[in-house]
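Asks: what follows is a protein structure lacking sequence information:
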């Protein structure tokens, strides 16, 4: 797959995760809204890694996405995100407002299934490619 195609897929995936998060937000105001939003934020970051670096492996992208999310969560301890969130809805969605240690567990929930699915797709694709190449010989 070309880098351009990979970036388009990553952008589409990030958009789908964002749309799903907003759809859940529109119909629920409880725990589902909170924790699905956290997990889907991490899923969107995973897709964002591939938008920036399309040739990244799933494991590296997953580790980068979780590390970024954890860094953003810890950044909330400074109070800067809360201050920015008071001024901007976009900042609120990007940085969050206040530190929640439970979120640290939910970020991998949004990333690990994507890494596993991505690895399975790659394995299946490579197996099909090898079988196709062998059949041509």
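Replies: That came through, no problem. Note that the structure is predicted; figures quoted are calculated from it, not measured. Numbers count the residues shown, from 1 in each chain.

Asks: my guess is residue 14 contacts residue 42, does it?
Replies: No: judged on Cβ atoms under 8 Å, residue 14 makes no contact with residue 42 at a distance of 11.4 Å. No exception for glycine: its C-beta is placed from N, CA and C like everyone else's.

Asks: more neighbours, those two?
Replies: residue 42 (26 against 19; other Cβ atoms under 10 Å).

Asks: once you drop chain neighbours, what's closest to the more buried one?
Replies: Excluding its sequence neighbours, the residue lying closest to residue 42 (Cβ to Cβ, 6 or more residues apart in numbering) is residue 110, at 3.3 Å.

Asks: what sits against that neighbour?
Replies: 38-43, 46 (Cβ atoms under 8 Å, 6 or more residues apart in numbering).

Asks: ok, now with 6 Å
Replies: Counting by Cβ atoms under 6 Å, 6 or more residues apart in numbering, residue 110 touches 39-40, 42-43.

Asks: quick one: it from residue 66, how far?
Replies: Distance of residue 110 to residue 66, computed by Cβ to Cβ, to the nearest Å: 9 Å.

Asks: common neighbours of the two, please.
Replies: With Cβ under 6 Å, 6+ apart, residue 110 and residue 66 have no common neighbours.

Asks: from the chain's centre, how far out does the longest helix belonging to the chain sit?
Replies: Across the chain, the helix with the greatest residue count (assigned by DSSP state H) is helix 101-136. Counting by Cα atoms, centre = their mean, to the nearest Å, helix 101-136 is centred 14 Å from the centre of its parent chain.

Asks: helix, strand or coil for residue 55?
Replies: Of the three states, residue 55 takes coil under DSSP: H, G, I helix; E, B strand; the rest coil.

Asks: how close does it sit to residue 99?
Replies: Look at residue 55 and residue 99: by Cβ to Cβ, they are 34 Å apart.

Asks: between these two, which one's more packed in?
Replies: It is residue 99, of residue 55 and residue 99, that has more neighbours when counted by other Cβ under 10 Å, with 16 against 9.
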